[in-house]
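[1] From the sequence below, what's the structure:
(2 chains)
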Amino acid sequence: MNDMHTPPQTHSHEVHTGTVHLPAPTAWPILLALGVMLLVGSLVMSVWIGALGAFLLVVSAVGWFREVLPHEKHVDVPVQHEIVEIEPSRAGVARIEVDETHRAQLPLQTFPISAGIKGGIAGGIVMLIPAEIYGLLRYHSLWYVVNLLGGAGVAGWANPTPEQLTHFRLGAFITANIIQGATTLLVGLLYGALLPVWPRRPILLGGIVAPVLWTGLLHNVLGIVNPYLQQNIDWWSFAASQVVFGLVAGYVVSRSGNLQRLHQAPLAIRLGVESPGLEGHKTEEDDRR
Amino acid sequence: MDAPSTPIPGGIEGALDVTPQTRSRATYLEVLHDWVVTVDHKKIGLLYIGFALIFLVVAGLEAMAIRIQLAVPHNTFLDARSYNRMFTMHGTTMVFLVGMPILFGFGNYLVPLMIGARDMAFPRLNAFSFWVSAFAGIFLYFSFIGGLGLAGTGTAPDVAWFAYAPLTERPFSPGHNVDYWALALFASGVGSIGTAINILATVFCMRCPGMTLSRIPLLAWIYATVSFLVLVTISPLTAAQVMLLIDRYLGGHFFDTQAGGSAILWAHFFWIFGHPEVYVLVLPAFGFANEIIPVFSRKAIFGYPAMVAATVGIAFISLGVWAHHMFTIGMTSLGNTFFTLSTMLVSIPTGIKTFNWLATMWGGKLRFATPMLFSVGFLFQWVIAGLTGIMLSVSPWNWQLHNSYFVVAHFHYVLVGAILFMIFAAFYYWYPKMTGRMLSETLGKWHFWLMIVGFHLTFDVMHIPGLLGMPRQIYTYEPDRGWTLLNQIVTFGAVIQAVAMAIFVYNLVHSYFAGKLAGPDPWDAWTLEWSTPSPPPTYNFPVDPVVASRRPLWDLKHPEDPDSAFE
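    Residues are numbered from 1 along each chain as shown, chains lettered A, B, ... in the order given. Got it, this is the predicted structure:
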């Protein structure tokens, strides 16, 4: 650590001289700052302190202007430099050892962002079917699940009864649409990015495993975030909606095309590590292409 | 101090600075004059850092007074008013006189060097910004002896660092304590805005040839983002200070709840500043990690564009989360939901950063020198601070724990565990550049391990009295609450941290005179500041550097395998 890491250099011994222009040192900034502070501080001190501050402020402002107008004051510092050629201190650059079989399913390409958006929209629409079926069968209302989702965002609508939840309410409708739209779009985008990464059967993982995990997580934390929603939610129909979303979104995303997978590519390329030397090894044939 | 004898590359295309570095002995008066009239960004940076270090010691002593007072129930070490002054001055000092100045100091010193500039865009404004901030700090502490009430602890502010209305109104705070607080922050805000303008202009207008925005070091990107945040957030704070002064001096009623004013208005104004301020402080800490972790992992930073995007993303999101400090004020359920979700959103860009630092270290050839030790400590502690932050962002949870010691523990995890740890890392990393001497690694490791032990004893344990219901800002408590042992452990941890700080200060002073010579590039680093002598000459570079990649010194040292071939 204490050794000098500067690489060996070869000197031409031809000294070039020059001059560097630097701004001249000046006392006006400190005097102006003192003036401002005394002026401000006079509110709790004395009017004479304020008068001194005002005087300093005016004098230093004038002095500062005179220093930069019409021409900025500067000092010239003579410098000398030589042209050198740096020789590398090491024969080569160490490469990271990579296990080629590790995470071999990482894709060579990714789905376009639009695939995730389409998947999110499609899943978000279709998942409404099981949710609404539950609302219709259980409460004979289209608005129950909408109000349950959006009710948290309606000011002054604290702990509504199940009867109140079956009637249309504009605030809850708008809030539910915002929550549903934003969430499904974001999860769709996430699917677009993640599904190609998951090894084998991405629809199964995206359609079953992820929704089940997500539902389990929500089941545990919803009591903290929104206890009322937790009391009134039907977890089986909720889970069914999530699974439907996952299957549809996963299907739409996967239909965007078969992506090549990086079975043999270096790990750095698979992960996007910016490691000079590991990526970008172009052959002459590549160049010709 | 001896000048380094080894010639170093002064321009990145292989221009070697051979200017004779003559150092005549100057009198103390000449040295003092030199520093007072300087407009050199490096000297101003060091002035900022020195000023902040002095106040760090002062604020540390205030923290120790607080901890001694709370070590046992019914303690009489401090009376209630003195205790109020201690935590008010501790908080105000740490944020405005330590955190911001020390980070502006590093920014002043490093940003021009890193982007290949000779100075800041407005050198005189730079000097003015420092001096007005310094005078504001002195003015704030003058409150202990100045104005009315010379006896005892004087009239130091005692309204907490957020100074909620209507406590700050004239009927409740009749002396000058609130005025000192408001005026000092007003003046320091002027300095902060001046520095922010300067850094923005420097980063966008003073870059050397080849230093495109996609090549500037991440630290420079972060300082530009922080400066934007400072411009946006200091303004409402300054406006609020003026409104408060109008209330107190001209009979205004902005925050006078008896006359139709609104205390909640103050809370909004303050936290619109206050929460982004956390990111003003923590983003430079991220920037230090961006520079230090790659060098000690011997790898380029993972995901440079994602890191830039995450930085800018954090800045924008942080502007929309302020009311999570106000859940207990009583907002609508829509407000609670919005600020819960927007706060959780911050975890996405910060998560990106955390994963990128880990990915940078993964597979690298790690060197656990002191800067890297502090960086690793920062990584762990920042993640934990983020997790308790997510807990507090959930409004029902927040209703239970608001204004408890759980909150105090959470934000100290951010301010000490993340920010202060990375400031220490930055000291160990750039001290050799600033002084030409290495800090002692042995003392550095003592400093690190004592800090780790002291920090975790203090702030891990501090969560528990919070969960048990201990409110913040109480000067004593009953012995039957079950908080006594926990408070004693917290105080013991604070003592260990104080010992660690003493070692750090000793190391700074001792190494300046007796440390090993550093040479220009002791860490085998890659950014432009390491191409200059240590300490750099006033002109920084004898000729304008020309760069072709994000790691210009790598290109210089490895012409057979330059980054520029891959960008």
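[2] so where do the helices sit in chain A?
    Counting by DSSP state H, one finds helices in chain A at the ranges A:28-41, A:47-68, A:113-126, A:128-139, A:143-150, A:162-165, A:170-194, A:202-204, A:210-225, A:227-232, A:235-254, A:267-271, A:284-288.
[3] Which stretch among the ones you listed approaches chain B most closely?
    helix A:28-41 (3.5 Å; Cβ to the nearest Cβ). All C-beta spots, glycine's among them, are computed from the backbone N, C-alpha and C.
[4] relative orientation of that closest one and helix A:47-68 in degrees?
    150 degrees (axes from the mean of the first three to the mean of the last three Cα atoms, to 10 degrees).
[5] How far off centre is stretch B:289-305?
    Computed by Cα atoms, centre = their mean, to the nearest Å, the chain-centroid distance of stretch B:289-305 equals 21 Å.
[6] Which strands and helices lie in contact with the longest helix seen in chain B?
    In chain B, taking DSSP H as the definition, the longest helix is helix B:263-297. If you count contacts as 3 or more Cβ pairs under 8 Å, 6 or more residues apart in numbering or on different chains; DSSP states H and E, helix B:263-297 packs onto helix B:100-114, helix B:218-250, helix B:304-318, helix B:347-361, helix B:370-393, helix B:421-435.
[7] could these go into JSON lines alongside mean pLDDT and distance to chain A?
    Shown next, in JSON lines, are the helices and strands packed on helix B:263-297 (pLDDT from 0 to 100; distance: least, Cβ to the nearest Cβ, whole Å):
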{"stretch": "helix B:100-114", "mean pLDDT": "96", "distance to chain A": "12"}
{"stretch": "helix B:218-250", "mean pLDDT": "95", "distance to chain A": "7"}
{"stretch": "helix B:304-318", "mean pLDDT": "94", "distance to chain A": "6"}
{"stretch": "helix B:347-361", "mean pLDDT": "93", "distance to chain A": "7"}
{"stretch": "helix B:370-393", "mean pLDDT": "95", "distance to chain A": "9"}
{"stretch": "helix B:421-435", "mean pLDDT": "97", "distance to chain A": "10"}
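[8] Burial-wise, tell me which of the ones you listed comes out on top.
    helix B:100-114 (a mean of 28; mean count of other Cβ atoms under 10 Å in any protein chain shown).
[9] hey, C-alpha coordinates of that helix in CSV?
    Taking C-alpha atoms only, helix B:100-114 is exported to CSV below (Å, rounded to 0.1, in the frame of the first residue of the first chain):
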residue,chain,number,x,y,z
MET,B,100,-23.1,20.1,4.9
PRO,B,101,-19.8,21.9,5.4
ILE,B,102,-17.7,18.7,5.5
LEU,B,103,-19.4,17.4,2.3
PHE,B,104,-19.1,20.8,0.6
GLY,B,105,-15.5,20.7,1.6
PHE,B,106,-14.8,17.4,0.0
GLY,B,107,-16.8,18.6,-3.1
ASN,B,108,-14.8,21.8,-3.3
TYR,B,109,-11.6,20.0,-3.1
LEU,B,110,-12.3,17.0,-5.3
VAL,B,111,-14.8,18.0,-8.0
PRO,B,112,-12.5,20.4,-10.0
LEU,B,113,-9.6,17.9,-9.7
MET,B,114,-11.7,15.0,-10.8
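[10] Show me how far the helix or strand following it is from its chain's centre.
    The element immediately downstream of helix B:100-114 (helix or strand, assigned by DSSP states H and E) is helix B:123-142. Its chain's C-alpha centre lies 17 Å from the corresponding centre of helix B:123-142 when counted by Cα atoms, centre = their mean.
[11] Compute the inter-axis angle for helix B:123-142 and helix B:100-114.
    Using the same axes, to 10 degrees: helix B:123-142 against helix B:100-114 is 160 degrees.
[12] Report the buried residues of helix B:123-142.
    Neighbour-count burial for helix B:123-142, counted by 16 or more other Cβ atoms under 10 Å in any protein chain shown, picks out B:123-137, B:139-142.
[13] and chain A, which of the residues you listed reach it?
    Taking Cβ under 8 Å from any Cβ of the partner chain as the test, chain A is in contact with B:123-125, B:127-128, B:130-132, B:134-136, B:139 out of these.
[14] Quick one: residues contacting the most centrally placed residue in chain B.
    Among the residues of chain B, the one closest to the centroid is residue B:99, at 3.3 Å (Cα atoms, centre = their mean). Listed by Cβ atoms under 8 Å, 6 or more residues apart in numbering or on different chains, the contact partners of residue B:99 are B:52, B:281, B:415, B:419.
[15] what's the pLDDT at it?
    The model reports residue B:99 with a pLDDT of 94.
[16] Equivalent analysis for residue A:13, please.
    63.
[17] and residue B:520, that's in a helix?
    No: looking at residue B:520 with DSSP: H, G, I helix; E, B strand; the rest coil, it is coil, so not inside a helix.
[18] For it, give me phi and psi.
    Main-chain dihedrals, residue B:520, degrees, to the nearest 10: phi -70, psi -30.
[19] Quick check: residue B:333 vs residue A:159, distance?
    Look at residue B:333 and residue A:159: by Cβ to Cβ, to the nearest Å, they are 11 Å apart.
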